[in-house]
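>>> Return atomic coordinates for the entry below.
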Amino acid sequence: MPYFGKYDIPEEILNDDTLDRDRKIELLKAWRDDKKAYMRASDEGMEGTDRTELLSRIKTALGKLEDSATS
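Presented below is the predicted three-dimensional model:
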């Protein structure tokens, strides 16, 4: 199950009780990598909206999951 089409914001993944921690991390990393690729393409002149805020929220959500593993 991909993140797109189901989740609008990273926090929805964090709050999805049907997913285990590892799956949440997997989805957030995929989303992060897609946004980074999108931003690189935007920098190369391709059209689109800069999504730095969303990327920041994805990184924050990942940090929360990764921190919970060490707690």
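>>> Mind giving me the packing neighbours of the helix or strand hosting residue 35?
Secondary structure from DSSP states H and E places residue 35 in helix 21-43. Applying 3 or more CB pairs under 8 Å, 6 or more residues apart in numbering; DSSP states H and E, one finds that helix 21-43 makes contact with helix 10-14, helix 52-70. C-beta: built from backbone N, CA, C; applies to glycine.
>>> If I average pLDDT within each of the ones you listed, which one is lowest?
Lowest mean pLDDT within the helices and strands packed on helix 21-43: helix 52-70, at a mean of 86.
>>> Tell me which other helices or strands it touches.
helix 10-14, helix 21-43.
>>> What mean pLDDT does the last one get?
Taken as a whole, helix 21-43 has an average pLDDT of 87.
>>> Enumerate the positions of it that are buried.
By 16 or more other CB atoms under 10 Å, the buried positions in helix 21-43 come out as 24-25, 27-28, 31-32, 34-35, 38-39.
>>> And the shortest one, by the same measure?
Neighbour counts over helix 10-14 (16+ other CB under 10 Å) mark 10, 13-14 as buried.
>>> Check stretch 2-18 too.
Quick answer for stretch 2-18 (16+ other CB under 10 Å): 3, 7, 10, 13-14.
>>> out of the helices and strands packed on helix 21-43, nearest to residue 20?
For those, proximity to residue 20 was assessed by CB to CB; helix 52-70 is nearest, at 10.5 Å.
>>> Which parts of that closest one count as buried, going by neighbours?
Along helix 52-70, these residues count as buried under the neighbour rule (16+ other CB under 10 Å): 54-55, 57-58, 61-62, 65.
>>> Taking those residues, tell me the two that lie furthest apart.
Spanning the widest gap among those are 54 and 65, at 16.9 Å by CB to CB.
>>> Now residue 55: closest residue in space that isn't a chain neighbour?
Of all residues not flanking residue 55 in the chain, residue 35 sits nearest, at 4.6 Å (CB to CB, 6 or more residues apart in numbering).
>>> any idea how far residue 41 is from that neighbour?
Per CB to CB, to the nearest Å, residue 35 is found 11 Å from residue 41.
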